[in-house]
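Novice: okay, sequence plus prediction incoming.
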Amino acid sequence: MRKIIVGSRRSKLALTQTNQFIEKMKAAGSPFEFEIKEIVTKGDRIVDVMLSKVGGKGLFVKEIEQALFNKEIDFAVHSMKDMPSVLPESLTIGCIPEREDPRDAYIANGHVKLLELPVGAVVGTSSLRRSSQLLLLRPDLDIQWIRGNIDTRLAKLQAGDFDAIILAAAGLKRMGWKDDLVTEFLEVDECLPAIGQGALGIECREDDTELLAELAKLNHEETALAVNAERKFLRDMDGSCQVPIAGYGTVKDGEITFTGLISSPEADQVFKETSISRDPIQAGREVAEKISAQGGYDLIQRVKAESNV
Ligand SMILES: NCc1[nH]cc(CCC(=O)O)c1CC(=O)O
């Protein structure tokens, strides 16, 4: 029996996602034995710097991809949100399992609703995408950067460093947090999620046909279509997690409805467009074209130049 070595970051969330996926493979009758190999990435070593200032795409994936090339590991479970829009040659996404909740979760001390926070309240997030969309809803808020894993962020909230914080609902749910921790789930039309948020991607070597055949059984067609549209938009806009870019697709009867958003960090310029297509590439491309025609692509380039990434 082949033993599959699964690479995982060392964070609680990464290990949880990896273990949950391995259990799914076992339940689907996969013929392998599994062993997890922990890998420390650059993104895990940097804790105190604003992520958007650190620079370099794929902070959480480079070391893992190197281990795949070296055949030290056979696959890795990534949050699609952390994946650069282009994969290195000879690696591929073997499958995209069914998506968890794509929404952002707003968690406030005393469960004060977002629209009821006092003027100038301090909200913690480390994402320009979240901060710019928050400012659209509440221009008066004092957005402060927060870093660290889920537990660290919740502890900082509880310590009173912030009045509220925003986290991905998917991470909380996978870690077993109950919904009553969350003050409000921000609906996708008020805070459009990150590209790929809530979805996992299983990265492996392109020539590992034996493994690819097993992974294919866990692919979720609708999630994969939506995420492909989202990632086409990310590629065409030349985006990354270091610029305020968002996108979310849904699929009904084989038809993808995709909405993309580009904003300035101050949220004084916002472009949001939707396209519907049976082809994920076309859906993503069309939204990118519409937004670029209005100046969205130039805005992304300017944000990048200003933050030196
Ligand atoms: N940027 C870190 C990261 N990457 C994936 C998730 C959550 C899980 C997911 O979105 O699938 C998180 C944490 C967060 O944003 O709160």
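Specialist: Arrived safely, thanks for sending. Numbers count the residues shown, from 1 in each chain.
Novice: residues from the stretch 151-300 of the chain in reach of the ligand?
Specialist: 167-168, 170-171, 197-198 (Cβ under 6 Å from any ligand atom). Every residue, glycine included, has its C-beta placed from N, CA and C.
Novice: need the contact list for the closest residue to the ligand within the stretch 1-150 of the chain.
Specialist: The minimum distance from the stretch 1-150 of the chain to the ligand, using Cβ to the nearest ligand atom, falls at Ser79 (3.5 Å). Going by Cβ atoms under 8 Å, 6 or more residues apart in numbering, Ser79 touches 17, 170-171, 196-197, 199-201.
Novice: what segments of this structure are strands?
Specialist: With DSSP state E as the criterion, the chain has strands at 3-8, 33-38, 75-79, 91-95, 104-108, 122-124, 142-144, 164-168, 184-186, 200-205, 245-252, 255-263, 270-277.
Novice: any idea of the mean pLDDT for the first one?
Specialist: For strand 3-8, the per-residue pLDDT values average out at 98.
Novice: and the last one, by the same measure?
Specialist: Computed over strand 270-277, the mean pLDDT rounds to 98.
Novice: mind listing the strands it pairs with, and their directions?
Specialist: Strand 270-277 has these partner strands in its sheet, going by DSSP bridges: strand 255-263 (antiparallel).
Novice: swap in the fourth one?
Specialist: Using DSSP bridges, the strands paired with strand 91-95 are strand 200-205 (antiparallel).
Novice: and the gap between Glu255 and the ligand?
Specialist: 24 Å (Cβ to the nearest ligand atom, to the nearest Å).
Novice: how about Asp238?
Specialist: Distance from Asp238 to the ligand, counting by Cβ to the nearest ligand atom: 19 Å.
Novice: and the closest residue to that residue other than its chain neighbours, how many neighbours?
Specialist: Using Cβ to Cβ, 6 or more residues apart in numbering and skipping residues adjacent in sequence, the residue nearest Asp238 is Ile300, 6.2 Å away. Neighbour count for Ile300, taken as other Cβ atoms under 10 Å: 23.
Novice: got the contact list for Ile300?
Specialist: Contacts for Ile300 were tallied using Cβ under 8 Å, 6+ apart; they are 237-239, 243, 245, 262.
Novice: point out where this protein drops to low pLDDT.
Specialist: Across the chain, residues meeting the criterion (pLDDT under 70) sit at 46-57, 308-309.
Novice: distance-wise, check the residue sitting nearest the centre point of the chain relative to Glu116.
Specialist: With distances taken as Cα atoms, centre = their mean, Lys81 lies nearest the centre of the chain, 2.2 Å away. Counting by Cβ to Cβ, to the nearest Å, the gap from Lys81 to Glu116 is 29 Å.
Novice: next: Phe271.
Specialist: Using Cβ to Cβ, one gets 29 Å for the distance from Phe271 to Glu116.
Novice: so the two - more neighbours on which side?
Specialist: Counted by other Cβ under 10 Å, Phe271 and Glu116 do not tie: Phe271 has more neighbours, with 20 against 10.
Novice: OK, contacts around that one?
Specialist: Residues near Phe271 by Cβ under 8 Å, 6+ apart: 261-263, 291, 294-296, 299.
Novice: at 10 Å instead, please
Specialist: Taking Cβ atoms under 10 Å, 6 or more residues apart in numbering, we find Phe271 in contact with 237, 260-264, 287, 290-297, 299.
Novice: so which of those residues comes closest to Cys191?
Specialist: Sorting these by distance to Cys191 puts Leu261 at the head of the list, at 9.7 Å, by Cβ to Cβ.
Novice: any idea how far Ser30 is from the residue in the stretch 201-309 of the chain that the ligand sits nearest to?
Specialist: Going by Cβ to the nearest ligand atom, the ligand is nearest to Cys241 of the stretch 201-309 of the chain, at 6.7 Å. Distance, Cys241 to Ser30, using Cβ to Cβ: 31 Å.
Novice: now for the contacts of Ser79, which pair is the farthest apart?
Specialist: By the measure Cβ to Cβ, Gly171 and Gly201 form the most distant pair in those, at 15.1 Å.
Novice: so what sits opposite the closest residue to Phe21 other than its chain neighbours in the bridge?
Specialist: Residue nearest to Phe21 in three dimensions, not counting chain neighbours: Val77, with 4.8 Å by Cβ to Cβ, 6+ apart. Beta-bridge pairing of Val77 under DSSP bridges involves Ile202.
Novice: tell me the contacts of Val77?
Specialist: Counting by Cβ under 10 Å, 6+ apart, Val77 has contacts 6-9, 14-22, 36, 64, 97, 200-203.
Novice: swap the cut-off to 6 Å and go again
Specialist: 17-18, 21, 200, 202 (Cβ atoms under 6 Å, 6 or more residues apart in numbering).
Novice: what about those, which one has the most neighbours?
Specialist: Leu200 leads the contacts of Val77 on contacts (other Cβ under 10 Å) with 28 neighbours.
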